[in-house]
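A.B. asks: Dropping a prediction and its sequence here:
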Amino acid sequence: MNLTITVNHKQLLDVLLNVGLIRPVFIWGAPGIGKSAIVQDFADSLGLPCVSLLGSQLAPEDIIGVPQIRDGYSVFCPPRTIARQEPYVLFLDELNACTSEVQKAFYSLIHERRIGEYCLPEGSIVVGAGNRAQDNAITRPMSSALVNRMFHVELTASPRLWLEWAAANGIHPYIYDYITSRPDHLWAKPPKSEEPFSTPRSWHMLSDAVHSYGPDIGEEALRILATGCLSPHHAVQFLAYIRQIRSQYALDKILSGAQPWPEKAEERDVLYFLAQSLRARLVKELPAERAKLSSDSQTLVLQAKDRITELANISLEIARMAVTPEDGKELPDWFVVELFRDLPRLADKRNG
């Protein structure tokens, strides 16, 4: 499915509260970004129970039921999970992972809210969801007939909204503070190889695990937990962040000159994390045009140039990394030009 517009969690809830009440909605999105959770929130907001069916685990008879003979006629009896007397939200998760035969069984359920002679109670709502083909998840082509029976929307992860949710749901301070400083690490593109990758769901899992270990959790335990939940690069950065806060290094203090960069060999991962954090802040706060600099950002520019110069004297490789594009996010051209003019040795490998 190729949609030109994506929505965040709040926008999706608005769609469900308006469109979902009158038409079936299909939610596209990467694994772990909260599709199931928002459907449950939607059902809760309406005071309706939510019944979830997992498309990848269904056979046609799990939907249309099995035939029985009544008064000389065969009658299909839908499963009790679906055949309810009161209205509810029916959530068809991984709908595009089910077989074509199962998809056919869904046609009347989605379009007419009916299975054979059984009709969903008045006020019932049908919502579907599935991963995209580019997510390296189990997917199958959906027939045009099924696609055309639903309203389609693509969900993306919003760090701001996730942090709002996290603050109200007991997410561990380590995770909350890390995503606050590196919101770009909330979600990572699913890898082609079989390895963990970062999503809102995996950060939530990490939070639960850290809570379970308690306040005295050691660095090795944190390493095991982060490696088991996050993208490898994010796990390394998260661990460096923990070492940074435990060693009392702070980027604001380093920028102002009140604190030096860590120089010890055993603190190299902390140095790397701080340099990454500096780059992320510059990408976020510096405008694309120099003429639009505010007084605060002008101060940031001067501080950053001085600190990157100092960083290059400690590790030229890490200093170069601090000005190298990451995940398609680049520093403003004018800043890079000025930096290379003042510190030409940074440009050698970057432009090579």
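C.D. replies: Noted; the coordinates are in hand. Numbering: from 1, shown residues only.

A.B. asks: tell me the phi and psi of the nearest residue in space to Leu58 that is not next to it in sequence?
C.D. replies: Closest residue to Leu58 apart from its sequence neighbours, by C-beta to C-beta, 6 or more residues apart in numbering: Val102 at 5.1 Å. C-beta here means a position set from N, CA and C on the backbone, and glycine is covered the same way. For Val102, the backbone dihedrals (degrees, to the nearest 10) come out as phi -70, psi -40.

A.B. asks: And Leu293, by the same measure?
C.D. replies: Dihedral angles (degrees, to the nearest 10) for Leu293: phi -60, psi 130.

A.B. asks: wait, what's in contact with the closest residue in space to it that isn't next to it in sequence?
C.D. replies: Distance criterion C-beta to C-beta, 6+ apart; nearest residue to Leu293, sequence neighbours excluded, is Pro287 at 6.3 Å. Listed by C-beta atoms under 8 Å, 6 or more residues apart in numbering, the contact set of Pro287 reads 293, 297, 332.

A.B. asks: so Pro287 sits in a helix?
C.D. replies: No - going by DSSP: H, G, I helix; E, B strand; the rest coil, the assignment for Pro287 is coil, not a helix.

A.B. asks: what's the distance between it and Thr4?
C.D. replies: Counting by C-beta to C-beta, to the nearest Å, the gap from Pro287 to Thr4 is 27 Å.

A.B. asks: which helix is the longest one in this structure?
C.D. replies: Counting by DSSP state H, the longest helix found in the chain is helix 295-314.

A.B. asks: For that one, which helices and strands make contact with it?
C.D. replies: Other elements packing on helix 295-314 under the criterion 3 or more C-beta pairs under 8 Å, 6 or more residues apart in numbering; DSSP states H and E are helix 251-256, helix 268-285, helix 316-322, helix 333-342.

A.B. asks: Of all the residues in the third one, which ones are buried?
C.D. replies: By 16 or more other C-beta atoms under 10 Å, the buried positions in helix 316-322 come out as 318-322.

A.B. asks: Could you list the residues in contact with it?
C.D. replies: 271-272, 275-276, 278-279, 308, 311-312, 345-346, 349-350.

A.B. asks: where's that helix relative to the chain centroid, distance-wise?
C.D. replies: 28 Å (C-alpha atoms, centre = their mean, to the nearest Å).

A.B. asks: Helix, strand, or coil at the nearest residue to Val15 once chain neighbours are set aside?
C.D. replies: Spatial nearest neighbour of Val15, chain neighbours left out: Val153 (5.6 Å); criterion: C-beta to C-beta, 6+ apart. What three-state DSSP gives for Val153 is strand.
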